[in-house]
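**Student:** here is my input, please return the structure:
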Amino acid sequence: EDTPIDSYVAVLRVGSTDFGLVLDKIHDTEEIVVKPVARVLGALDVYSGNTILGDGSVIMILDPAGLLRATGEKDSSGAAEATSLPTSEDKMTNFLVFKAGEGAPKAVPLELVARLEEIAAKDIEYSGHEPVIQYRGDLMRLQTLPGMAIPPEGIFDVIVFTYDGKTVGLVVDEIVDIERAPLVMKIAGHEEQFLGSIVINGKTTDIVDIGYLLKGLVDELSVAGHMSSVGREVKLLFVEDSVFFRKLTVPFLENVGYAVTAAETPLEALTMVERGAVFDVVVTDIEMPEMDGFDLARALRKHTRLDHVPILAFTSTVNESFRERAAASGIVDMILKTDREALLEALAKQLHLVKEVA
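**Tutor:** Below is the predicted model of the structure:
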């Protein structure tokens, strides 16, 4: 039977395997709270949970890894247990490429983009001198890169980033495409809004530092007095292979008051520990090439001086399977990367527990 012309295909990635899911219709994007799947449906691993929409309707949340297993296919890495973990691909990264102002094309990592929107200039309001727009029941700040102004009329493209429960929109001239390219900085950034330049599809492209766009959110978070509640200087080991999330998280933690040491790979983190480095707490990503966060936690636990050091996962994926594997490997909590305030709360909780035991 022929596929209808008006159908859609959602391209999903599980580990290093890409596959398509045929859709009848795309309705909209929604920010949701995923609840665990009912026990009666627990045997259907194509579902990861459910949620209730604003109109009261209940929808099921599909699990890409479960869908892949249902087809009888396996991740091309051949590791059935780790189908949702990435393999090394020379740090290939998906980028959203766009034009904004003069000069080279610009890009941001696709994993940090929440949505793409078209916004009418007539809908812009101001909070003080700051342009905002009413968006999904909240106010979204509108920002531009230096040298570019928000158009005074018409409709323009906005790249939406949602972080720490807040939403920021980057106004751009044109969305160009999604491109996959190796993350190899050819030129370091000399302006605070750019991490540097790389080559994407044969063109020199400036990579925008999302931390620059989000730095105004820090003052709005409930971080006041955080370190005083912890009560001492805390040495924190942060393990993250993505330069983008390191740039988003390390300065944030340092501004709060942590003494942060960053490791780009689990092997680098283990080398630090083997050479005698001492840490009070470890925060690690889970989905990393060569060694994932679960294996890193198990390796760290083999060092006696890290027996009682809290290890927290700061990850893009939090599900029941990951929680079970985290507990088995010695990870005490899992926090989504888009919620740095929740990370602070989890750190304070774990450090207080350590203090009480001591």
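**Student:** low-confidence ranges, the stretch 151-300 of the chain, go.
**Tutor:** For the stretch 151-300 of the chain, the stretches flagged by pLDDT under 70 are 189, 216-232.
**Student:** the strands in it, which residues?
**Tutor:** 155-163, 166-172, 174-182, 187-188, 194-200, 203-208, 235-239, 259-263, 281-284 (DSSP state E, counting those that start in this stretch).
**Student:** out of the ones you listed, deepest packed?
**Tutor:** Most buried of the strands of the stretch 151-300 of the chain, by mean neighbour count (mean count of other CB atoms under 10 Å): strand 281-284, with a mean of 24. Every residue, glycine included, has its C-beta placed from N, CA and C.
**Student:** gap between it and the chain center?
**Tutor:** How far strand 281-284 lies from its chain's middle: 16 Å, per CA atoms, centre = their mean, to the nearest Å.
**Student:** re the thing from before, indicate which one of the strands of the stretch 151-300 of the chain is closest to residue 352.
**Tutor:** Nearest to residue 352 among the strands of the stretch 151-300 of the chain is strand 281-284; the distance by CB to CB comes to 11.5 Å.
**Student:** which ones are touching residue 13?
**Tutor:** Counting by CB atoms under 8 Å, 6 or more residues apart in numbering, residue 13 touches residue 64.
**Student:** and it, helix, strand or coil?
**Tutor:** Counting by DSSP: H, G, I helix; E, B strand; the rest coil, the backbone at residue 13 sits in strand.
**Student:** now residue 154, nearest residue through space, not along the chain?
**Tutor:** Closest residue to residue 154 apart from its sequence neighbours, by CB to CB, 6 or more residues apart in numbering: residue 121 at 5.8 Å.
**Student:** isn't that neighbour up against residue 151?
**Tutor:** Yes - at 5.5 Å, residue 121 counts as touching residue 151 under the criterion of CB atoms under 8 Å.
**Student:** what sits in contact with each of the two?
**Tutor:** By CB under 8 Å, 6+ apart, no residue touches both residue 121 and residue 151.
**Student:** so which of the strands of the stretch 151-300 of the chain gets nearest residue 105?
**Tutor:** Nearest of the strands of the stretch 151-300 of the chain (CB to CB): strand 203-208, 4.8 Å.
**Student:** any idea how far the closest one is from the middle of the chain?
**Tutor:** Per CA atoms, centre = their mean, the centroid offset for strand 203-208 relative to its chain is 20 Å.
**Student:** okay, now the sheet partners of that strand, with direction.
**Tutor:** Take DSSP bridges as the rule and strand 203-208 pairs in its sheet with strand 106-109 (parallel), strand 194-200 (antiparallel).
**Student:** give the buried residues for the helix or strand where residue 133 lies.
**Tutor:** Using DSSP states H and E, residue 133 sits within strand 130-135. Under the neighbour-count criterion of 16 or more other CB atoms under 10 Å, strand 130-135 has 131, 132, 133, 135 buried.
**Student:** report the contact partners of the first one.
**Tutor:** Residues counted as contacts of residue 131 (CB under 8 Å, 6+ apart) are 124, 125, 141, 142, 150.
**Student:** and it, bridged to which residues?
**Tutor:** Here residue 131, judged by DSSP bridges, has bridge partners residue 126.
**Student:** quick one: residues contacting residue 18.
**Tutor:** 11, 12.
**Student:** hey, what's it bridged with?
**Tutor:** Bridge pairing for residue 18 - DSSP bridges - gives residue 13.
**Student:** repeat for residue 166
**Tutor:** residue 163.
**Student:** relative to residue 252, how far out is it?
**Tutor:** 13 Å (CB to CB, to the nearest Å).
**Student:** in the longest helix anywhere in the chain, what's buried?
**Tutor:** When the chain is parsed with DSSP state H, its longest helix is helix 340-357. Neighbour counts over helix 340-357 (16+ other CB under 10 Å) mark 340, 341, 343, 344, 346, 347, 348, 350, 351 as buried.
**Student:** same for it, what does it pack against?
**Tutor:** helix 226-230, helix 243-256, strand 281-284, strand 311-315, strand 333-336 (3 or more CB pairs under 8 Å, 6 or more residues apart in numbering; DSSP states H and E).
**Student:** I'd like to know which of the ones you listed lies nearest to residue 95.
**Tutor:** Among those, helix 243-256 sits nearest to residue 95 (CB to CB), with 10.4 Å.
**Student:** centre of the chain to the closest one, how far?
**Tutor:** The answer for helix 243-256 is 12 Å, by CA atoms, centre = their mean.
**Student:** what does it rub up against?
**Tutor:** 109, 111-112, 163, 183, 195, 209-211, 214, 218, 223, 226-227, 236, 238, 240, 260, 262, 264, 285, 314, 337, 340, 343-344.
**Student:** returning to that earlier point: want to throw the helices and strands packed on helix 340-357 into TSV with distance to residue 291?
**Tutor:** Shown next, in TSV, are these (distance: least, CB to CB, whole Å):
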stretch	distance to residue 291
helix 226-230	29
helix 243-256	17
strand 281-284	10
strand 311-315	14
strand 333-336	18
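**Student:** between these, which one is nearest to residue 64?
**Tutor:** Closest among those, using CB to CB: strand 311-315, at 15.6 Å.
**Student:** what packs against that closest one?
**Tutor:** strand 281-284, helix 293-301, helix 320-329, strand 333-336, helix 340-357.
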